[in-house]
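A.B. asks: can't give you the sequence, but here's the structure:
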């Protein structure tokens, strides 16, 4: 199986077993080894008392992007540290895109930056995530350790 096929297979398995990402309405736009791009629309039930998206919405989109990107190499990876900066308000009807950038990858640790933009291309959040790579393959029968 090619690295791209492995990435798609891992992310499909993760997404299909992730009811929260499904509830968010996340669409997988790009899935490649070490890279992911996700899109979702902000709905009324995602707003807070200020009529803007709850911070947990952009955080959750970015966190799903981190999970998919970091696992796309075929090694099970879990977050150990994350942070987010909300740079612009997000409104109902906005369509958000989260794009990952793999900054560092070792046998045990991966570091990713996720940028969240709206439908106008405005940056609305910046997220950084660090993951621990467990060494356990998603599909050991079809791959060698990465």
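C.D. replies: Great, that's in hand. Just so it is clear, the structure is predicted and the values come from calculations on it, not from any experiment.
A.B. asks: Who's the closest spatial neighbour of residue 125, skipping the chain neighbours?
C.D. replies: Excluding the flanking residues, the one nearest residue 125 by Cβ to Cβ, 6 or more residues apart in numbering is residue 116, at 4.0 Å. Any C-beta I mention is one placed from the backbone N, CA and C, and that applies to glycine too.
A.B. asks: got the residue ranges for the helices in the protein?
C.D. replies: Applying DSSP state H to the chain gives helices spanning 3-16, 19-24, 55-71.
A.B. asks: Run through the neighbouring helices and strands of the second one.
C.D. replies: In terms of contacts (3 or more Cβ pairs under 8 Å, 6 or more residues apart in numbering; DSSP states H and E), helix 19-24 is packed against helix 55-71.
A.B. asks: What residues of the helix it packs on count as buried?
C.D. replies: Residues 57-71 are the ones in helix 55-71 that count as buried (16 or more other Cβ atoms under 10 Å).
A.B. asks: which residue sits closest to residue 126, ignoring its sequence neighbours?
C.D. replies: Residue 126 sits nearest to residue 85 (Cβ to Cβ, 6+ apart), 4.8 Å away.
A.B. asks: contacting residues for the one you found?
C.D. replies: 125-127 (Cβ atoms under 8 Å, 6 or more residues apart in numbering).
A.B. asks: Residue 25 too?
C.D. replies: 40-41, 43.
A.B. asks: With residue 107 instead?
C.D. replies: Counting by Cβ under 8 Å, 6+ apart, residue 107 touches 133, 135.
A.B. asks: about what we covered before: which one of the contacts of residue 25 is nearest residue 132?
C.D. replies: Nearest to residue 132, judged by Cβ to Cβ, of these is residue 40 at 26.3 Å.
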